[in-house]
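*Asks:* Sequence plus predicted model, see below.
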Amino acid sequence: MRWSKALIPTLKESPSDAEVVSHKLMVRSGMIRKVAPGIYNYLPLCFRVIEKIKDIIREEMNKAGAQELLMPILSPAELWQETGRWDIYGKELMKVEDRHKKHYALGPTHEEVITDIARKELKSYRQLPACFYQIQTKFRDEIRPRFGVMRGREFIMKDAYSFHRTEEDLDSYYKVMFKTYSDIFRRCGLKFRAVLADSGAIGGDVTHEFMVLASSGESLVLSCPDDKCGYAATSDTAESVIPCPDEKHRLSGSFAEKHTPGRKTVEEVSDFLKIKPFNLIKTLIYKTSKKPVAVLIRGDRELNTAKLKKFLRDGFVELAEDALVQKITGTDVGFAGPRGLKENIKIFADFSVKDMGPAVMGANRKDTHFLNALSGKDYQVDKFIDVSIAAAGDKCAKCGMPLDGFRGIEVGQIFKLGKKYSNSLKAGYIEENGRENTGWMGCYGIGVTRIIAAAIEQNNDDKGIIWPLQISPYHVVLMGLNMKDSGTVEVCEKLYGELTDGGVEVLFDDRDLRAGFKFKDADLIGIPIKMIVSEANLKSGSIEIQDRMTAKSEIFSLERAVSVIKERTVLSNTD
RNA sequence: CGGGGCGUAGCGCAGUUUGGUUAGCGCGCCUGCCUUGGGAGCAGGAGGUCCCCAGUUCGAAUCUGGGCGCCCCGACCA
């Protein structure tokens, strides 16, 4: 490609709405332009990267025996109502209405549609196991799209679904997919880690997320520093043992009432009483699809809604609004406690509350707290459960080592769905013995466009992007420093022809611009290898090859240069 | 949905507090000259419903009311 003909609209300045480095660089390098919040044009440079990633995904998925197909983006409401996800998926689901007032969803994921195929077409055990995948635009009506293509409302995803006769067969295919995913991300040049995760709205029991390590990541991962243990999970999921406060920081004394005028938050109450936040019990009122519940947690900890949903087996759990809190506690938000609630609701407590000793808690009366309350004596708990967000420094639930925390960008997730969809959509097949059976399912997703953002987050410097060769839009940028010099032009044209014929992807900067401008542009868009043709070097029949990452330059004779480039741009499937 | 910020040329911004000729600056774009190893320089030029609607006023980018849009933080969530 000749740069003079390419649409690569680079910018010197970052757009004002970009926050993270990948977003800034994608806009500055002319890869994307915003159309609406969370919706982007993928310009030619970005498109090339997308295609590279798709190629890698296809090769690896095909190697794992999966078949590519393409399902529609629009799917009828009835299919979603069959599994109940028309409502459960909720506001995330983009819905449209046609002229006949029929409702459709813009697919955020395709379990319903693929299972519909399976129940109609996979009728015999002879057809199992089977795995199907597609690479397609997906829609999710995110509350707040952000960080460019990292969290978009429209994005490109690879989704795959597998069908099995037995749980064992699903388990073994899950392992195959685990390896396939590891290979895909490795080939994309990413530093990543697979961790245990929450299955959220997709459902299922076992699930792993593939996290690209990046400080700007939206997910927090907790991992055990002990390699032998190897425990790693997202903060949504991670189980941990929360250390008890030291004896010397424990409260002592007898149960009493205390006037705490206007002190509502944990911080205000603990400052006022000159105690630590971990001496307090927070009482949170949650709405569920049935009766509300009260959940107690130690003052210094955060409640994990995902865990609460799982425990209650309820997808509708939400923090109660002020009016409901008033109704249940009889007072303003900020003075709720497990003793003397106005309504008879279940009281659950996080394990962090169990051994905290005498504690301060709300008295369900304005400006009043109880001191030195003990569970079982001064208040009752229906059940102690694990509902806290694990934090770095907590003890590993498996081996007891203090957990490390790191941030990551989720680029893929694999699920063992079990029979959730095959049951709800009645996807049966005929067994060897002639009886009908329902199949076991797995599903496996990769955010293609998110991989791009993640790769940039991991590979950039103050000059711009540094593409891993495997997904770089071009392998080489060929720069003629002075395009008014006929010798330079002649050599460039020759090299361009030879390299392109040799299968090297070359971006030929044939623009009549000053050298400095070309260097800045080339660095910004991150092409890994620069081939520099200058009048000075031509005098000795040589040209320069510069590495984007190290900025190191080497001089080669014109004769050798092409073969050197060819050697350096060879990619094998194991790269 | 709650809190905060913003809306002026393709991009980044000033001007708004205190209303007053023809609305500015940098980058980019077009023409010419010059220059060619790290976003040079000179000269000329094109480009604006100052987010929208209504009002106040002799006069509104600027004041008032209403609306819309965007961004950030939070709640929420693949």
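*Replies:* Structure's in. What do you need?

*Asks:* for A:Leu106, what are its contacts?
*Replies:* A:Leu106 sits next to A:Ile73, A:Leu74, A:Leu93, A:Met94, A:Lys95, A:Val96, A:Phe139 when contact means CB atoms under 8 Å, 6 or more residues apart in numbering. (Glycine included, C-beta is placed from N, CA and C.)

*Asks:* let me redo that: A:Gln458
*Replies:* A:Gln458 sits in contact with A:Leu190, A:Lys191, A:Val212, A:Leu213, A:Ala214, where contact means CB under 8 Å, 6+ apart.

*Asks:* pLDDT at it, what is it?
*Replies:* As predicted, A:Gln458 sits at a pLDDT of 94.

*Asks:* how is chain A carved up into domains?
*Replies:* In the assignment given by automatic domain parsing, the structural domains of chain A cover A:15-239+A:405-456, A:247-385, A:474-568.

*Asks:* And the shortest one, how far out from the chain middle?
*Replies:* When distances are taken as CA atoms, centre = their mean, to the nearest Å, domain A:474-568 is centred 37 Å away from the chain's centroid.

*Asks:* So that domain, near RNA strand B or not?
*Replies:* Yes: contact between domain A:474-568 and RNA strand B, assessed by CB under 7 Å from any atom of the strand, occurs at A:481-484, A:512-517, A:519-524, A:532, A:534-537, A:544, A:546, A:551, A:553.

*Asks:* same question, the longest one
*Replies:* Yes: contact between domain A:15-239+A:405-456 and RNA strand B, assessed by CB under 7 Å from any atom of the strand, occurs at A:15-17, A:19, A:28, A:34, A:36-38, A:92, A:108-109, A:140, A:142-147, A:198, A:200-202, A:218-219, A:409-411, A:413, A:445, A:447, A:450.

*Asks:* A:Lys426: neighbour count?
*Replies:* 12 (other CB atoms under 10 Å).

*Asks:* Which residue, neighbours along the chain excluded, lies closest to it?
*Replies:* Nearest non-adjacent residue to A:Lys426, counting by CB to CB, 6 or more residues apart in numbering: A:Arg119, 6.3 Å away.

*Asks:* Equivalent analysis for A:Gly253, please.
*Replies:* Leaving aside its chain neighbours, A:Gly253 sits nearest to A:Asn372 (4.8 Å; criterion: CB to CB, 6+ apart).

*Asks:* now swap in A:Ser534 and tell me
*Replies:* The spatially closest residue to A:Ser534, leaving aside those adjacent along the chain, is A:Leu481, at 4.5 Å (CB to CB, 6+ apart).

*Asks:* per-residue pLDDT, the one you found?
*Replies:* The per-residue confidence score, pLDDT, reads 96 for A:Leu481.

*Asks:* I figured it hits A:Thr488, correct?
*Replies:* Yes: under the criterion of CB atoms under 8 Å, A:Leu481 lies in contact with A:Thr488, with a separation of 6.8 Å.

*Asks:* Which residue of these two possesses the greater neighbour count?
*Replies:* Under the criterion of other CB under 10 Å, the comparison of A:Leu481 against A:Thr488 puts A:Leu481 first, with 22 against 19.

*Asks:* got the phi/psi numbers for that one?
*Replies:* Summarising the backbone geometry of A:Leu481 under the convention degrees, to the nearest 10, its torsions are phi -70, psi -40.

*Asks:* residues in contact with it?
*Replies:* Residues in contact with A:Leu481, defined by CB under 8 Å, 6+ apart, are A:Thr488, A:Ala515, A:Lys518, A:Ile532, A:Val533, A:Ser534, A:Glu535.

*Asks:* count of neighbours near the fifth one?
*Replies:* The number of residues packed near A:Val533 is 27, by other CB under 10 Å.

*Asks:* wait, isn't it in contact with A:Asp485?
*Replies:* No: using CB under 8 Å, A:Val533 makes no contact with A:Asp485, being 9.2 Å away.

*Asks:* how close does A:Ser182 get to A:Gly217?
*Replies:* 18 Å (CB to CB, to the nearest Å).

*Asks:* more crowded one of the two?
*Replies:* Taking other CB under 10 Å, A:Ser182 and A:Gly217 do not tie; A:Gly217 has more neighbours (20 against 16).

*Asks:* Which helix or strand contains that one?
*Replies:* Per DSSP states H and E: A:Gly217 is located in neither a helix nor a strand.

*Asks:* In contact with it: list those residues for me.
*Replies:* For A:Gly217, the contacting residues are A:Met211, A:Arg407, A:Gly408, A:Ile409, A:Glu410, A:Glu457, by CB under 8 Å, 6+ apart.

*Asks:* Checking the helix or strand of chain A with the lowest mean pLDDT against RNA strand B, do any of its residues make contact.
*Replies:* For chain A, the helix or strand with the lowest mean confidence is strand A:318-319, at a mean of 80 (criterion: mean pLDDT, DSSP states H and E). Yes: if you take CB under 7 Å from any atom of the strand as the test, strand A:318-319 does meet RNA strand B, through A:Glu318, A:Leu319.
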